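model this:
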Amino acid sequence: MNNALFLRLRLAAKKCILVSGSTLIGTLLIFIICEFGILRGVRLILERSPKNSFSQKNPYSDSLSNPDKEYPGLFEEENAILRANKKYVPFLVWGYLPHSGKYVNIGLNGLRIVPNSINREVAIKKSSHTKRLFFFGGSTMLGQGSPDNKTIPALVCSHLNQETNTCSSECINFGIGGYVNSQELIELIGLLSRGDIPDSVIFYDGINEVIAAMQGTPGEHHNLKDIANIYETHQRLKPAGVLPNFMQYVWPKVKEYIYSQSNFGRVSKYVRERIFDHESRTRVSQGWITDTKLLESYLDKAAEVYSHNYLIACELAKAYGFRLTFIWQPSIFEKSQLSLYEKWQLSNGTIGGISNINYQAPWQYMKKRVLEKLSALNNRTSQCPCQILDYSDVFADFKGTIFYRDWQHANPSGNELISRRLFADIR
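Now for the predicted structure:
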């Protein structure tokens with residue numbers, strides 16, 4: 001009797017394993033077929049997705065303000081670098097690998113090339129007649145949306161060279177996409193500790209500080225929770241040794257990949273957003289702070305960190321003998337004369353899964369708090385070679401399109417306006 005029961009249980013178990021295995025294999029095959037079946041079509045669909053606002057159809061598109069028209073292939077080359085050409089950098093978390101392209105070139109040191117500057121990788125030691133300038137910032141300083149010779153550091157360097165009628169300026173673009181002011185300050189400290197002393201240091205910030213606060217990590221680097229999760233998961237998996245413990249951490253990653261990275265997941269997300277179109281334009285991405293009071297407290301903390309960074313940088317400027325400039329950068333929200341394209345961008349565009357309009361209130365609140373705190377510090381820094389500049393109004397009277405891609409990044413025309421003012425402020 002016991003043997004018969006054992007045999008029946010054994011057969012049932014085999015049948016269960018076969019059915020489960022067949023179901024799993026069948027599901028996997030269907031998933032693979034779907035992936036390959038929509039691979040070609042998904043790109044056309046995603047071009048109309050609200051994730052990247054500049055790819056949506058704008059009825060007021062102006063080819064004269066579109067960098068990708070003047071420099072064909074710029075956006076494609078740029079996106080490939082920003083997404084896949086990254087490396088780990090001690091203390092700073094991420095940076096760029098070297099890249100040689102038509103419009104975007106990253107040197108062996110991981111920094112964007114400034115064409116009309118003294119070659120940083122050849123002449124490390126500064127001669128007495130050379131003026132060395134460090135430019136720090138995020139993707140706007142890096143020059144996202146512009147070729148090498150149209151970034152802010154490149155344009156400032158051109159103005160300096162024209163004034164002296166010689167190439168005697170060493171302009172170094174330390175801009176890295178997503179960097180906050182704290183990362184930039186850490187990099188400056190590292191450079192100074194290695195004896196790399198500049199004549200002038202420019203910090204160009206604001207936008208990334210607001211985004212970090214909206215992510216719930218004021219004063220910290222972007223995507224802190226995601227990056228921390230990678231490290232913590234790796235630490236847990238190292239001693240795992242058993243399948244259940246392994247699956248506990250792997251299965252969520254598989255689900256996350258299917259939802260966010262696979263073509264099947266992207267199409268599913270696109271369909272949902274098309275069905276609930278109004279909600280998709282006004283919602284805030286999952287995990288971002290939506291409570292107004294909580295967000296304001298985070299923005300206050302970010303402003304506090306930023307102001308303390310300024311004090312630290314001022315002391316460094318005094319100790320090492322360089323001139324320091326802190327700039328609060330402009331955005332589409334301060335541009336009083338919006339073009340038709342920018343009006344559409346402001347009301348319909350999104351970036352990072354968040355509509356442009358949802359950035360406006362946090363941006364304006366943070367700007368007010370930062371400028372108040374920095375103004376209060378003037379007496380404490382009066383003996384230091386430091387200046388605080390608000391560039392919010394730099395595009396105020398410009399009627400053409402500046403913000404082609406989103407509410408943050410200026411096109412080459414915008415960079416030119418910024419560089420002219422900056423050149424006048426630091427000369």
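
And His308, how far from Lys399?
Using C-beta to C-beta, to the nearest Å, His308 is found at 39 Å from Lys399. Placement of C-beta: from N, CA and C, glycine included.

Same drill for those two, tell me which one is more crowded.
His308 (15 against 11; other C-beta atoms under 10 Å).

Closest to the centroid, which residue in the protein?
Centroid check for the chain by C-alpha atoms, centre = their mean gives Gly178 as the closest residue, at 3.0 Å.

Which residue is the nearest non-sequential neighbour of that one?
His222 (4.4 Å; C-beta to C-beta, 6 or more residues apart in numbering).

Please verify my assumption that that neighbour contacts Ser182.
No. With contact defined as C-beta atoms under 8 Å, His222 and Ser182 do not form a contacting pair (11.2 Å).

A strand includes Trp227, no?
Actually, residue 227 is Ile. It isn't Trp. No. Counting by DSSP: H, G, I helix; E, B strand; the rest coil, Ile227 is located in no strand; its state is helix.

Who are the contact partners of it?
Residues in contact with Ile227 (C-beta atoms under 8 Å, 6 or more residues apart in numbering) are Val93, His221.

Tell me the confidence at it?
Listed pLDDT for Ile227 reads 86.

ok, now Thr166?
Thr166 is assigned 74 on the pLDDT scale.

Helix or strand: which one has it?
Thr166 is part of no helix or strand, with elements assigned from DSSP states H and E.

what about it, how many residues close to it?
Neighbours of Thr166 under the rule other C-beta under 10 Å: 10.

where does it fall, phi/psi-wise?
The phi/psi pair for Thr166 (degrees, to the nearest 10) reads phi -160, psi 160.

Would you check how far apart it and Ile152 are?
Thr166 sits 21 Å away from Ile152, going by C-beta to C-beta.

just to revisit the earlier point, does the residue nearest to Gly178 sit in a helix, a strand or a coil?
His222 is classified as coil under three-state DSSP.

How many residues are close by it?
Residues near His222, counting by other C-beta under 10 Å, number 20.

what does the one 10 residues further on give?
Glu232 is flanked by 11 other residues according to other C-beta under 10 Å.

Quick check: buried residues in the helix or strand containing it?
Using DSSP H and E, Glu232 sits in helix 224-237. Buried positions in helix 224-237, judged by neighbour count with 16 or more other C-beta atoms under 10 Å: none.

That one: how far from the chain's middle?
Distance of helix 224-237 from its chain centroid, counting by C-alpha atoms, centre = their mean, to the nearest Å, is 21 Å.

got it, and stretch 80-91?
Worked out by C-alpha atoms, centre = their mean, stretch 80-91 lies 11 Å from the chain centre.

for that stretch, how far is the first residue from the last?
24 Å (C-alpha to C-alpha, to the nearest Å).

Buried residues in that stretch, which are they?
Across stretch 80-91, burial judged by 16+ other C-beta under 10 Å covers Ile81, Leu82, Asn85, Lys86.

quick one: least confident of those residues?
The lowest pLDDT within those belongs to Leu82, which sits at 75.

Look up how far Ser168 lies from it.
Distance, Leu82 to Ser168, by C-beta to C-beta: 32 Å.

swap in Ile230?
Separation of Ile230 from Ser168 (C-beta to C-beta) stands at 44 Å.

do Lys399 as well
Taking C-beta to C-beta, one finds Lys399 at 36 Å from Ser168.

what does Pro72 give?
In this structure, Pro72 and Ser168 are 34 Å apart, going by C-beta to C-beta.

ok, these two, which is more surrounded?
Neighbours per residue (other C-beta under 10 Å) separate Pro72 from Ser168, with Ser168 holding more: 14 against 11.

which residues touch that one?
Listed by C-beta under 8 Å, 6+ apart, the contact partners of Ser168 are Ile118, His129, Thr130, Lys131, Leu160, Asn161.

would TSV of the residues you listed with distance to Gln383, secondary structure and pLDDT be doable?
Formatted as TSV, these follow (distance: C-beta to C-beta, whole Å; DSSP: H, G, I helix; E, B strand; the rest coil; pLDDT from 0 to 100):
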residue	distance to Gln383	secondary structure	pLDDT
Ile118	31	coil	76
His129	28	coil	75
Thr130	27	coil	83
Lys131	23	strand	90
Leu160	27	helix	92
Asn161	32	helix	88
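
Sweet, I'm off.
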